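In: okay, predicted coordinates and the sequence, questions at the end:
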Amino acid sequence: MKFFRTIALAAACAAGSAVAGLAQVPSFFLDLDTGGHRATIRDVDVSADGAVIVSAADDKTVRVWDWQSGETTSILRGQIGPGNEGLVNAVALSPDGTKVAVGGYFSGHLDTEGPFGDIRIFDLRSGTMVRVLKGHHYMVEALAYDPVRDELAASGQGGQIWRWSAPFSDAPTALPVLDTQSWRVSEVNYAAGGTRLIAATYDYGLRIWDLESGQPVTAPDDEALWDYPLVAVAVSPDGSQFALANDQGQVTLRDAATGSVLQELPQRPFRVDAMTLAGDVLTLSCGYRCAGKYGTEVWSLSLGQQIAQYDAQEVGIHASALMPGTDMTLTAGGRLHTLHVWRTLTGSGVAQMGGVGAPVASVGISAQADRIGWGSDDPCPELTICPDVLGSLSQEMELPTQERSFEKPGPRGAARLNRALTQHLDLTVTLGSEPGSGFEGSRMQLGDTAIVKGPEDGYYHSAYSFVSGQDQIILGGGNGILLVHDLSGTSTGEFIGHTSDILALAVAPRANRVLSGGRDQTLKLWNLETRELIASMFFAGTDWIIWTPQGYFHSSPNGDRLVGWHINQGQDREGRYVRARQLRQHLHSPEIVRRAILIGSASQAALDLRGRDNELDELLTRKPPEFNIRVAGEMQAPDGFAVIEVSGTSLEEVESWGYSVLVNDRRVHPVRAGGSAGKLLYNVPLEDGENQITVSGQNEFGYVTERSAVALFKRKTKIEKKGKLYVAVVGINNYPKLPDACGGKPCDLRYPVADALEFLNVLRERTAPLYTGMETLVMVNNEVLEQDAPRQAALSLHMDPLDVLEPEARAITGELVDFLTQPGPEDTTVIFVAGHGMNLEEQYFLLPTNAQKRGDRWRTSSLVDWSVIQEEISFAQGRRILVLDTCHAANAFNAKLEKEAADARVVVFSATAANNTAGERADLGHGIFTYAMLQGLRGGADKTGDGVRLLGLADYVYHEVVRLSNKAQEPFYHISQTSNFLLAQGAK
């Protein structure tokens with residue numbers, strides 16, 4: 001405990017040196033945050049009370065876990081870089097769980113001088129690096145802390161073991177070098193009440209020191225242990241015994257004082273990479289050669305036999321720990337890089353911790369590279385690697401072409417896709433193990449040519465594909481290494497981007513594309529000729545994101561929470577992390593991603609549309625606003641309100657630019673309720689049930705930070721009518737200045753005016769009675785309205801037809817902007833638009849009735865820039881509903897704006913998803929989508945008799961549009977963080 005208390009004294013010095021580094025341009029690396037580790041977990045530790053768990057992994061992060069909720073509470077990041085730089089191999093917690101020591105490789109990539117083995121100390125409460133312990137020169141692979149001695153030990157490459165003791169002001173102590181000095185110490189542990197230090201090595205067996213005398217203790221079978229690398233050690237809680245395992249599955253129980261063998265277990269058919277020992281019970285976890293069936297075995301030492309097994313974790317466990325004061329064990333690893341807590345004696349699961357992604361084990365790409373497929377199931381769980389076995393494809397996605405925009409991912413269809421080409425007409429391919437490599441698949445024989453992989457090129461052949469029509473083979477291995485070789489075995493190029501094992505490849509030579517999938521859970525699309533990375537992709541359930549190396553992305557509404565940038569601040573400082581969502585105003589650009597895929601160059605796409613490809617460099621030199629929120633439950637709030645406390649270092653900055661506060665899907669106005677230095681209090685109105693309160697703060701650089709909290713509320717009195725209904729409708733039939741702009745034909749439409757007016761009538765009849773009043777804005781072609789006497793008469797009952805505005809560009813923009821400033825927090829705004837829409841580069845435009853072209857170029861002054869309207873919708877207070885019956889044919893779909901609406905918690909109903917045309921039917925007298933909306937609001941979606949609710953309407957409209965269009969049209973809607981509120985009165 002003293003060790004970690006003393007470390008805290010250095011925190012002020014570390015903080016004081018922070019300012020100097022900010023002036024420099026930082027180095028940064030794109031990184032996924034899927035909620036869990038994405039690479040092999042190397043070590044775990046548990047606090048003395050069992051409340052805090054930390055894990056270290058090859059993804060260069062340390063995660064802190066709440067094991068009962070199964071979620072990460074924080075991520076510790078140091079400086080990282082290419083290759084080994086920033087690898088974390090070992091962690092050691094303070095007994096109170098407030099600080100953690102982290103060891104690994106902390107020097108530059110390919111650095112020959114070092115030191116590489118500095119120990120970083122993090123404060124878990126703040127996430128800051130409070131001290132760096134220097135002395136261990138080479139990579140650290142193991143750490144151990146002994147609370148009796150108040151001492152930390154570090155070991156690893158170089159064979160030296162260093163110890164730091166309180167008060168930690170002097171240089172560390174090195175244990176004496178032996179005549180047979182090891183080069184690599186894999187494990188280090190204290191035992192026998194802190195009087196022994198035990199080290200397992202890869203090359204010179206077991207090493208034990210008597211820490212009182214500083215002299216080595218030689219085990220009776222010392223030299224016999226030199227034959228095989230020792231890979232795992234587990235010390236009993238009382239320190240009297242330890243278990244030792246080598247890489248051949250030999251496990252012995254030993255006396256901690258002398259190292260003598262007390263018991264030998266039957267040799268295991270797998271490599272034991274992790275063990276725990278408590279009393280009579282020893283657990284053995286398979287780390288390698290698991291054959292698809294070996295997980296963690298539980299052995300009774302007194303019985304000399306296995307008594308239980310935990311096999312709910314997929315094979316490959318590299319770290320384990322006892323859960324103090326319980327009968328539970330923690331194991332970490334598996335194919336999904338998860339942590340499991342389970343009952344030791346029964347093998348029954350208790351909790352799991354991990355992320356949402358999975359390794360990409362199979363990929364396919366169409367010959368034209370306009371469609372991709374992928375799957376995550378392991379094609380050969382019984383084998384260590386199987387690069388010539390092609391797994392099944394379960395998902396697919398259509399990529400953009402010149403004629404269409406993005407489609408959303410979905411289940412695998414029947415379209416044919418190219419897979420890895422694993423055979424060659426003129427060559428026999430065989431895989432084997434190079435002697436001394438230690439890995440299966442390290443040697444590939446191409447006829448008479450051998451290609452052998454080692455540490456510098458990925459260790460083993462985990463995936464490969466010949467390139468049809470070319471004398472090339474693409475080889476994937478460990479650590480994300482993806483190389484191109486000619487058939488003589490000479491390396492001719494490299495694809496740089498993956499961070500873990502390459503598991504799958506597919507090539508489309510005619511389209512000049514390569515698709516790869518990896519254990520890092522990403523798919524990557526490459527230019528075959530230039531080797532340039534075009535785009536990376538991550539898919540997990542309904543969340544997904546596609547991004548370019550320059551940072552531009554396209555994603556599902558919440559997909560941009562999964563990707564961000566790790567920003568280095570120096571070897572002796574913690575790294576920062578900025579999420580893509582915080583930079584979405586700058587980097588959310590589906591059109592740049594689309595163009596990159598089309599032309600095969602992400603850099604050129606950015607240059608074409610932004611005039612630069614280094615925008616991210618400048619953005620990441622800035623810092624986002626930093627603040628936190630909580631529901632101040634101890635504060636007395638007015639009925640129907642909650643008090644939230646906003647605190648942090650950026651309060652003044654964020655306040656000057658303004659907060660955006662959302663309660664579920666309503667944008668509300670927070671009322672200042674006092675506060676103190678560094679803390680501000682606001683009253684926020686609530687609705688019945690669960691309220692997700694989201695505060696978005698923006699600074700002058702356009703960075704956005706979001707923080708959320710949950711408040712529950714139950715009204716004491718009967719709900720009364722509250723707020724007004726604001727409805728704006730736009731319907732455009734006539735395009736007199738576009739006689740041949742729509743495929744050589746006039747752009748005129750038949751039903752938008754009828755759609756808009758009938759939608760207004762239905763809302764007035766069915767929805768307005770739920771509110772205290774209704775305000776309207778109508779913009780339709782007056783010429784069409786005058787020819788529709790029934791609808792003109794219906795409209796005249798509620799407003800003067802002379803107040804109807806012609807839907808011209810200036811009127812639509814100006815009037816809608818003014819209209820959207822009127823609603824308050826309790827109001828609901830509905831905007832309905834029917835007409836033509838289109839994309840011009842990154843911008844989406846609505847075509848007003850006076851839209852025109854000059855030659856082949858659009859006059860943008862005659863168009864409605866929808867981003868202006870979108871911004872005002874996002875800023876409007878209260879609940880916002882956007883209904884779009886605009887044509888989405890080909891490139892008229894704008895994914896950027898629909899996602900921005902979703903980000904602002906605007907409920908969106910759209911006539912069709914990407915690349916489909918919104919159809920009209922003469923027998924219905926409306927567009928198909930609007931007709932379904934009208935019928936649903938009139939009562940078709942009222943299945944219970946208590947009215948039409950949001951989710952019921954969405955389900956009804958979806959099925960009706962599919963039915964009425966004979967499956968040719970599928971509507972799109974986005975509903976996020978909202979209650980299933982009442983939209984229209986019942987059909988009584």
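Out: Structure's in. What do you need?

In: please make it C-alpha for all contacts and neighbour counts, starting now.
Out: Fine.

In: show me what Gly564 is bridged to.
Out: Residues in a beta bridge with Gly564, per DSSP bridges, are Asp31, Arg579.

In: mind telling me which residue is nearest the centre of this structure?
Out: Leu562 (2.3 Å; Cα atoms, centre = their mean).

In: spatially nearest residue to it (excluding sequence neighbours)?
Out: Nearest residue to Leu562, sequence neighbours excluded (Cα to Cα, 6 or more residues apart in numbering): Asp33, at 5.0 Å.

In: OK, contacts around that neighbour?
Out: Arg561, Leu562, Val563, Gly564 (Cα atoms under 8 Å, 6 or more residues apart in numbering).

In: now do Asp203
Out: Ser182, Trp183, Arg184, Trp226, Asp227, Tyr228, Pro229, Leu230.

In: the same query, at a cut-off of 6 Å, please.
Out: By Cα atoms under 6 Å, 6 or more residues apart in numbering, the contact set of Asp203 is Ser182, Pro229.

In: tell me where the stretch 551-700 of the chain has helices.
Out: For the stretch 551-700 of the chain, applying DSSP state H, counting those that start in this stretch gives helices covering 584-587, 590-599, 602-610, 615-619, 651-657.

In: one more: the stretch 851-988 of the chain?
Out: Under DSSP H, counting those that start in this stretch, the stretch 851-988 of the chain gives helices at 866-875, 895-903, 928-935, 950-964.

In: tell me the pLDDT at Val363?
Out: Here, the pLDDT recorded for Val363 equals 98.

In: that should have said Thr331, apologies.
Out: Per-residue pLDDT puts Thr331 at 98.

In: how near is Gly375 to Asn733?
Out: Per Cα to Cα, to the nearest Å, Gly375 is found 46 Å from Asn733.

In: hang on, I meant Arg810
Out: Taken as Cα to Cα, the span from Arg810 to Asn733 is 17 Å.

In: who has more neighbours out of those two?
Out: A side-by-side neighbour count of Arg810 and Asn733, using other Cα atoms under 10 Å, places Asn733 first with 23 against 16.

In: correct me if wrong: the more buried one contacts Cys747.
Out: No: look at Asn733 against Cys747 with Cα atoms under 6 Å: they stay out of range, at 8.6 Å.

In: and for the two, which residues touch both?
Out: Common contact partners of Asn733 and Cys747 (Cα under 6 Å, 6+ apart): none.

In: tell me how many other residues crowd Thr821.
Out: Neighbourhood size, Thr821 [other Cα under 10 Å]: 13.

In: now do it, the pLDDT please.
Out: As predicted, Thr821 sits at a pLDDT of 94.

In: am I right that it falls within a helix?
Out: No: applying DSSP: H, G, I helix; E, B strand; the rest coil, one finds Thr821 to be coil, outside a helix.

In: tell me the spacing between it and Ala144.
Out: Computed as Cα to Cα, the Thr821 to Ala144 distance reads 62 Å.

In: ok so, going back, most neighbours of all the contacts of Asp33, which one?
Out: Among the contacts of Asp33, the one with the most neighbours (other Cα under 10 Å) is Val563, at 24 neighbours.

In: since we're on the residue lying closest to it once chain neighbours are set aside, how many residues are nearby?
Out: Spatially, and ignoring its direct neighbours in sequence, Val563 is nearest to Leu32 (4.5 Å; Cα to Cα, 6+ apart). Neighbour count of Leu32, defined by other Cα under 10 Å: 23.

In: my read: Leu32 touches Trp565, true?
Out: No: in this structure Leu32 lies outside contact range of Trp565 using Cα under 6 Å: 8.3 Å.

In: list of residues touching the longest strand that the chain contains?
Out: Selection of the longest strand in the chain by residue count, based on DSSP state E, yields strand 828-840. Residues outside strand 828-840 that contact it (Cα under 6 Å, 6+ apart) are 725-732, 752, 844-847, 878-887, 892.

In: out of those residues, list just those in strands.
Out: Per DSSP E, those map to strands at 725-731, 844-847, 878-886.

In: per-residue pLDDT, the most far-flung residue of the chain relative to its centre?
Out: Using Cα atoms, centre = their mean, the residue of the chain lying farthest from its centre is Ala789. It sits 54.9 Å away. As predicted, Ala789 sits at a pLDDT of 88.

In: now it: how far from Leu757?
Out: With Cα to Cα as the criterion, Ala789 and Leu757 are 12 Å apart.

In: contacts only, for the closest residue to Pro807 other than its chain neighbours.
Out: Leaving aside its sequence neighbours, Pro807 sits nearest to Met779 (Cα to Cα, 6+ apart; 5.0 Å). Contact analysis of Met779 by Cα under 6 Å, 6+ apart lists Val730, Val804, Leu805, Glu806, Pro807.

In: what does Thr772 give?
Out: Contact analysis of Thr772 by Cα under 6 Å, 6+ apart lists Lys721, Gly723, Lys724.

In: measure stretch 644-659 end to end?
Out: From its first residue to its last, stretch 644-659 covers 13 Å (Cα to Cα).

In: I'd like the average pLDDT over that stretch.
Out: For stretch 644-659, the mean per-residue pLDDT is 74.

In: equivalent analysis for stretch 243-253, please.
Out: Rounded mean pLDDT across stretch 243-253 is 97.

In: give me the pLDDT for the closest residue to Gly952 other than its chain neighbours.
Out: Leaving aside its sequence neighbours, Gly952 sits nearest to Ala941 (Cα to Cα, 6+ apart; 5.7 Å). Note for Ala941: predicted pLDDT of 94.

In: could you list the low-confidence segments of the protein?
Out: Low-confidence segments of the chain (pLDDT under 70): 1-26, 167-170, 177-180, 649-650, 653-658, 715-720, 887-894, 913-916, 987-988.

In: reformat the contacts of Thr772 as a markdown table; add neighbour count.
Out: Output for the contacts of Thr772, formatted as a markdown table (neighbours: other Cα atoms under 10 Å):
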| residue | neighbour count |
| --- | --- |
| Lys721 | 11 |
| Gly723 | 18 |
| Lys724 | 22 |
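
In: nice, that's everything, thank you.
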